[in-house]
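Undergrad: structural data only, the sequence is not supplied:
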């Protein structure tokens with residue numbers, strides 16, 4: 001074999017090997033690049049959907065806040081003394097009492113009951129108040145609160 005033929009065969013062999021490398025790995029490269037493109041499109045579509053959802057939630061939140069303010073204003077107007085008095089007069093026939101119809105109650109001071117007054121329930125043990133004392137104190141506080149509510153405006 002001639003030197004030139006041998007060199008030509010080497011070059012031809014390299015070319016065939018190079019061609020076979022491209023042909024062998026071309027489908028894999030196309031598949032990888034296609035997956036990258038499809039993945040990027042998918043990620044962008046998901047990001048767009050999430051951003052649209054966020055915008056919708058912000059709009060819904062704003063609408064709910066406006067409705068909440070409207071409802072708070074409605075509650076404020078429905079619970080005014082004038083409205084309650086007007087509804088009581090219109091629907092229930094109630095009237096505002098005159099001065100002679102109002103009875104003022106005096107609240108008895110019960111704080112001085114400690115030293116000389118007998119304890120209705122006795123002592124618990126080791127200086128603790130008994131059950132009757134606790135119940136009596138609770139009823140006394142309730143009475144004071146109701147009397148204050150009746151006499152204040």
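TA: Looks like it arrived, so ask away. Fair warning: this is a prediction, and the values are worked out from it, not measured in the lab.

Undergrad: use CA for all of it now, contacts and neighbours both
TA: OK.

Undergrad: buried residues, the worst-scoring helix or strand of the chain on mean pLDDT. List them.
TA: Ranked by mean pLDDT, DSSP states H and E, the weakest helix or strand in the chain is helix 131-151, scoring a mean of 83. Buried residues in helix 131-151, counted by 16 or more other CA atoms under 10 Å: 133, 144.

Undergrad: ok, which stretches of the protein are helices?
TA: 3-78, 81-92, 131-151 (DSSP state H).

Undergrad: tell me which other helices or strands the first one touches.
TA: In other words, helix 3-78. The contact analysis (3 or more CA pairs under 8 Å, 6 or more residues apart in numbering; DSSP states H and E) places helix 3-78 against no helix or strand.

Undergrad: change it to 10 Å
TA: Helices and strands touching helix 3-78, by 3 or more CA pairs under 10 Å, 6 or more residues apart in numbering; DSSP states H and E, are helix 81-92.

Undergrad: so how far is the helix it packs on from its chain's centroid?
TA: In terms of CA atoms, centre = their mean, to the nearest Å, the gap separating the centre of helix 81-92 from the centre of its chain is 35 Å.

Undergrad: what angle do that helix and helix 3-78 make?
TA: Here the directions of helix 81-92 and helix 3-78 differ by 70 degrees (axes from the mean of the first three to the mean of the last three CA atoms, to 10 degrees).

Undergrad: which ones are touching the spatially most central residue of the chain?
TA: Taking CA atoms, centre = their mean, the centroid of the chain lies closest to residue 61, which sits 11.7 Å from it. Shown in contact with residue 61 (CA atoms under 10 Å, 6 or more residues apart in numbering): 55, 67.
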